[in-house]
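J.: Following is a predicted model, sequence given first.
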Amino acid sequence: MTTLNIRCGTCRKAVHPTSGLLWADLTDLPKPPDVAPARWRIAHYECAPEMGASAYSIELTRAATYSELLWWTAHLSEKSWLEDTTWMSCMQLTAETGVMDFGPGWADLGSLSTDVGGDLPW
Ligand SMILES: [Zn+2]
């Protein structure tokens, strides 16, 4: 199974599947009148923030091929909050580019989170 090219949202360098994770912070789920979805992010372990209990994280060793991403999409589709995250946009972009790049990282969350809609801005 072909491993996808994966890019760290923090340092913007390639991430080997054994070296990082992807996650969404569920405290970022939209609360009316805020409609910005919670962003999924990718980072090396050393580039990622401390994961709180509200983070839904997935090791890249379990999410680095198309078939693994398809499995996670099916699994996450059972979560009531999935549509309030950028997962589907991230999957669409990954399918179109062949690269898992969920955009710039967690540190600049504030500046980007308000304008992420159905399509990602990068
Ligand atoms: Zn990094």
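T.: Structure received. Note that this is a predicted model, so its numbers are computed, not measured. Residues are numbered from 1 along each chain as shown.
J.: Do you know the pLDDT at the residue nearest the centre of the chain?
T.: Against the mean C-alpha coordinate of the chain, by Cα atoms, centre = their mean, the closest residue is residue 40 at 2.5 Å. What the model reports as pLDDT for residue 40 is 96.
J.: tell me which residues form a beta bridge with it?
T.: Assessed by DSSP bridges, residue 40 has beta-bridge partners residue 24.
J.: need the next SSE after the helix or strand harbouring residue 93, C-terminal direction.
T.: In this assignment (DSSP states H and E), residue 93 forms part of helix 87-97. Of the helices and strands lying after helix 87-97 in sequence (DSSP H and E), the nearest is strand 99-100.
J.: Centre of the chain to that following strand, how far?
T.: 11 Å (Cα atoms, centre = their mean, to the nearest Å).
J.: which residues sit against it?
T.: 4-7, 22, 42, 64, 69, 90, 94 (Cβ atoms under 8 Å, 6 or more residues apart in numbering). (C-beta placed from N, C-alpha, C; glycine too.)
J.: Determine the number of other residues adjacent to the closest residue in space to residue 61 that isn't next to it in sequence.
T.: Leaving aside its sequence neighbours, residue 61 sits nearest to residue 17 (Cβ to Cβ, 6 or more residues apart in numbering; 5.0 Å). Applying other Cβ atoms under 10 Å, we find 18 residues neighbouring residue 17.
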